[in-house]
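In: everything below, folded, please.
(chains A and B)
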Amino acid sequence: MRLANVSFRYRRRDRSVMREVDAHLSPGDVVELAGPNGAGKSTLLRLLAGLLRPTGGAITGRPAVVGLAPDRFPTGQPFTVSRYLDHMARVCGGDWRPWAERLSMGHLLNVRLRELSKGSAHKVGLAQALMTEPGLLLLDEPFAGLDTGTRAELQPIVAELSARGTIVVVSDHQGGLRGLPSLRHWTLVEGRLRETAPGGAGAAGTAAIKTGTAGAGTVAVEVTVPAADLGTFLERMRGEGYPARPVSVEESR
Amino acid sequence: MIALAGFRLAAYVRSHRVHQVSLALLAVLAIVHATRAPAGQEASVLADSAVLVVPFLAAAARSLLDTEPDRQRELSAVLAGGRVREVTAGLLAAFAACLVFAALAMAWGTLFGMTGTPSGPVLAAGLVLHVLSALTGVALGALTSRAVLPSPAVSILALVSGFVGMLLISASPLYWLTVPLIVWAREAGADGLVTRLPELAGVSLLWIALGLVSYVLIRRARP
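Out: Predicted coordinates:
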């Protein structure tokens, strides 16, 4: 999935929320999206989901199935949790019950949506996003209000999905996925997107490449290549089906 | 898409919003058909009924489309696989609700509003007019729904103005510039409804299609 020179503004005379964003996402990528309040993180997630169309540039290669968990789940609906999830399962053809079990939602199933606490409503939002078996999973502040047990469960869930090739983009202020070794970091500031490596910038003239995704049946490999060869190397790896990405340079070419 | 339309209908019914329009419509039907029309005026009864229900159907369509929170519309679009499917499902659900209300109005008028029995062609013309009413209601309701007009005050004003505008324009020689509601009723009174129905249905469908296409285009820009 590629974002090429993406810009966005809500109205014609408004200031651009996003300017000339370029990025590449490979299957299995997990991205932590950070930035100050109002920086446009939720807008970027909606652009990635296809809910908004860029006012400039293009987003291509979006996986066919997308899951979106909003920062605030809309509880103002006349359904119980199970009835709501049943409806959503019919819409997307998914199965929510395994996810409800993993998210410890058993006691919530007969509760009306209007009566849910913030954290419980958040779980419903996560369940409806996860049941689609998405190729692209977008989580907006997924750890906000969650109990400790569910917070601990969310990271393995993301790791499993990543291992199966799902691209996961998480807007998160709380660093809930920091334990994931393959986590990419995007920062959105004043409409510009920057990718930063966890350990800072790479050594001059070289770029470290991590190939593969840690998970069942896969292994992460670190390769150091001259910076000038980075684009060619990445293209070749991706062409062979490996989700390769740089870990010590700012930009994936 | 059908599943999503079912979800929206279920939300409309379970939220009790459905009672707002059904109570108002039942009260109006009871008053309008309090005395049966004399024999020979069956076409008029059916055409008047089809015109009368339009604002109620528009209110029903608007209310149904507004039942879903804005954020849920986004989730529905993502789950259904795109904005177009979400918009289409909403219109389908609104049409289904409007059809039920239009059928209720037609049944009430046929059973309690007339002395005689309508002939087959008149009954068929009445049926077509009520389907056109349902479609008109969907188009007007959709164009005044929250996704298009976020302010409730502006929205309800637009809905009422839209209906009154249709009445005024269709009462003029420029009736073809809108859904010709008044011409439906006028031709029914003059026994010309059956013969002019293809022309009137064509003009009506043109404006309904224009309204629905406008709604879809607006929704592409305003999620």
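In: any low-confidence regions in the chain?
Out: By default, I'm working from chain A. Scanning chain A for pLDDT under 70 picks out the ranges A:197-217, A:226, A:228-229, A:232, A:239-241, A:248-253.
In: now the strands for chain B?
Out: Counting by DSSP state E, chain B has no strands at all.
In: can you tell me the centre-most residue of it?
Out: When chain B is reduced to its mean C-alpha position, the nearest residue by C-alpha atoms, centre = their mean turns out to be B:Gly137, at 2.3 Å.
In: residue 112: neighbouring residues, count only.
Out: Went with chain A since none was named. 14 (other C-beta atoms under 10 Å in any protein chain shown). Every C-beta, even on glycine, is put in place using the N, C-alpha and C of the backbone.
In: my bad, chain B
Out: B:Phe112, neighbours per other C-beta under 10 Å, totals 15.
In: also the one 5 residues further on?
Out: A count of nearby residues for B:Thr117, using other C-beta under 10 Å, gives 10.
In: let me know whether it touches B:Val45 as I believe.
Out: No: using C-beta atoms under 8 Å as the test, B:Thr117 is too far from B:Val45 to be in contact (11.6 Å).
In: quick revisit: the closest residue to the residue nearest to the centre of chain B other than its chain neighbours and B:Ala134, how far apart?
Out: Of all residues not flanking B:Gly137 in the chain, B:Leu57 sits nearest, at 2.5 Å (C-beta to C-beta, 6 or more residues apart in numbering or on different chains). B:Leu57 sits at a distance of 6 Å from B:Ala134 (criterion: C-beta to C-beta, to the nearest Å).
In: which residues do these two both contact?
Out: In terms of C-beta atoms under 8 Å, 6 or more residues apart in numbering or on different chains, B:Leu57 and B:Ala134 are both contacted by the residues B:Cys98, B:Phe101, B:Ala102.
In: quick one: the helices in the chain?
Out: Picking chain A for this. Taking DSSP state H as the criterion, chain A carries its helices at A:41-49, A:81-92, A:97-102, A:118-130, A:148-163, A:230-239.
In: let me rephrase: I mean chain B.
Out: B:2-14, B:17-32, B:42-52, B:54-67, B:70-80, B:83-112, B:120-143, B:152-170, B:181-189, B:193-221.
In: ok, the closest residue in space to A:Phe8 that isn't next to it in sequence - contacts?
Out: In this structure, A:Phe8 finds its nearest non-sequential neighbour in A:Met18, 4.5 Å apart by C-beta to C-beta, 6+ apart. For A:Met18, the contact set (C-beta under 8 Å, 6+ apart) comprises A:Val6, A:Ser7, A:Phe8, A:Gly40, A:Thr43, A:Leu44, A:Leu47, A:Pro54, A:Leu188, A:Gly191, A:Leu193.
In: among these, which ones are in strands?
Out: If you go by DSSP E, the contacts of A:Met18 have A:Val6, A:Ser7, A:Phe8, A:Leu188, A:Leu193 in strands.
In: pick out the most distant pair among the residues you listed.
Out: A:Ser7 and A:Leu188 (13.1 Å; C-beta to C-beta).
In: quick one, which of those two is more surrounded?
Out: A:Leu188 (21 against 15).
In: run a quick neighbour tally on the nearest residue to that one once chain neighbours are set aside.
Out: Distances taken as C-beta to C-beta, 6+ apart place A:Gly35 nearest to A:Leu188, at 3.7 Å, with adjacent residues excluded. Other residues lying near A:Gly35 total 20 when counted by other C-beta under 10 Å.
In: let me see the contact set for A:Gly35.
Out: A:Lys41, A:Thr187, A:Leu188, A:Val189 are the contacts of A:Gly35 under C-beta under 8 Å, 6+ apart.
In: which of the residues you listed are buried? Put it as a PyMOL command.
Out: Remark: buried members of those, expressed as a PyMOL selection using 16 or more other C-beta atoms under 10 Å in any protein chain shown:
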select buried, chain A and resi 41+187+188
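In: from the contacts of A:Gly35, pick the one nearest A:Leu161.
Out: A:Lys41 (20.1 Å).
In: any idea how far that closest one lies from chain B?
Out: 15 Å (C-beta to the nearest C-beta, to the nearest Å).
In: and for that residue, nearest residue in space, chain neighbours not counted?
Out: In space, A:Lys41 is closest to A:Ser171, 4.2 Å off (C-beta to C-beta, 6+ apart).
In: okay, and the beta partners of that neighbour?
Out: A:Leu33, A:Asp140 (DSSP bridges).
In: count the neighbours of it for me.
Out: Using other C-beta under 10 Å, A:Ser171 is surrounded by 22 other residues.
In: can you check A:His173 too?
Out: Neighbour tally, A:His173, other C-beta under 10 Å: 15.
In: how near is it to chain B?
Out: Distance from A:His173 to chain B, by C-beta to the nearest C-beta: 20 Å.
In: these two touch, right, that residue and A:Ala34?
Out: Yes: assessed by C-beta under 8 Å, A:His173 is found in contact with A:Ala34 at 7.0 Å.
In: mind checking how far B:Ala185 is from chain A?
Out: Distance from B:Ala185 to chain A, by C-beta to the nearest C-beta: 38 Å.
In: where does that residue sit relative to B:Thr115, distance-wise?
Out: Distance from B:Ala185 to B:Thr115, by C-beta to C-beta: 19 Å.
In: for B:His33, what are its contacts?
Out: Counting by C-beta under 8 Å, 6+ apart, B:His33 has contacts B:Val45, B:Trp108, B:Gly109, B:Phe112, B:Gly113.
In: what subset of the residues you listed is buried?
Out: B:Val45, B:Trp108, B:Gly109, B:Gly113.
In: which of the residues you listed lies closest to B:Ile156?
Out: B:Trp108 (25.4 Å).
In: how about that closest one, nearest residue that isn't a chain neighbour?
Out: Closest to B:Trp108 by C-beta to C-beta, 6+ apart is B:Leu29, at 4.7 Å.
In: run through the residues that contact the nearest residue to B:Val18 once chain neighbours are set aside.
Out: Closest residue to B:Val18 apart from its sequence neighbours, by C-beta to C-beta, 6+ apart: B:Tyr12 at 5.6 Å. Neighbour list for B:Tyr12: B:Val18, B:Ser63, B:Leu64, B:Thr67, B:Ala93, B:Ala97 [criterion: C-beta under 8 Å, 6+ apart].
In: apply 7 Å and report the result again.
Out: B:Tyr12 sits next to B:Val18, B:Leu64, B:Thr67, B:Ala97 when contact means C-beta atoms under 7 Å, 6 or more residues apart in numbering or on different chains.
In: tabulate those residues (JSON lines), appending neighbour count, pLDDT and distance to B:Ala3.
Out: Below are the contacts of B:Tyr12 laid out as JSON lines (neighbours: other C-beta atoms under 10 Å in any protein chain shown; pLDDT from 0 to 100; distance: C-beta to C-beta, whole Å):
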{"residue": "B:Val18", "neighbour count": "19", "pLDDT": "94", "distance to B:Ala3": "20"}
{"residue": "B:Leu64", "neighbour count": "30", "pLDDT": "97", "distance to B:Ala3": "16"}
{"residue": "B:Thr67", "neighbour count": "24", "pLDDT": "95", "distance to B:Ala3": "16"}
{"residue": "B:Ala97", "neighbour count": "28", "pLDDT": "97", "distance to B:Ala3": "16"}
